[in-house]
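Enquirer: using only what follows, build the 3D model:
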Amino acid sequence: MAFIFKIKIDGSAKPPIWRKVKVNESITFGDFHLVIQILFGWTDSHLFEFTPKGWGSCPRITLSFDEEYEPDESFSERDTFPYGELYRADEIRLSDYFKEVKQKIVYIYDFGDDWQHIVELVDIADDAVLLPVCLAGKGSNLEEDCGGIGGFYNMVEAVNNPKHP
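Expert: As a prediction, this is how the structure comes out:
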């Protein structure tokens, strides 16, 4: 089966910035992170996290750390999902979390700029998908390290105003 998601940049408007994508239901959140990176033109230069309602909600799904970096918290065992607090993105599959249409999760990218993406499951298809497929979208790609959605709109305004200092 395949999941069809609409992913919207929280706080974006006029135009809203969003993408619609079809992915295999069995990919991991780690792979889904890479899909989102490509969809929005990110460079995978910052930390990320998936959470049900944004900051402070659990379970939190994030990258697996290498031996040189130890997180402040320990990861929960995969078999306790979703009742633990912190899970490895390369162990949890989309189908472990998403069970029905309209279910959402928040993808937070770049904890400084705080890019929050609202990820909503809009359809479940019976067909098999080997590779992700972008079905639709609106709005331009975004810029790294510009100060989040507010900084992005300020940058766009400055670029479009020849008199801007």
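
Enquirer: which element is Ile124 on?
Expert: Here Ile124 sits within strand 115-125, counting by DSSP states H and E.

Enquirer: what sits up against that strand?
Expert: Outside strand 115-125, the residues that touch it by CB atoms under 8 Å, 6 or more residues apart in numbering are 1-11, 20, 22, 25, 36, 40, 50, 54, 98, 100-109, 142, 148-149. Placement of C-beta: from N, CA and C, glycine included.

Enquirer: same check on stretch 57-64?
Expert: So stretch 57-64 is contacted by 29-30, 33, 47-52, 75-76, 81-92, 97, 106 (CB under 8 Å, 6+ apart).

Enquirer: about what we covered before: just checking: what are the partner strands of the strand holding Ile124?
Expert: strand 2-9 (antiparallel), strand 104-109 (antiparallel) (DSSP bridges).

Enquirer: which residues does the nearest residue in space to Gly54 that is not next to it in sequence bridge with?
Expert: The shortest distance from Gly54 to any non-neighbouring residue, by CB to CB, 6 or more residues apart in numbering, is to Val106 (4.5 Å). Applying DSSP bridges to Val106 gives these bridge partners: Thr51, Ile118.
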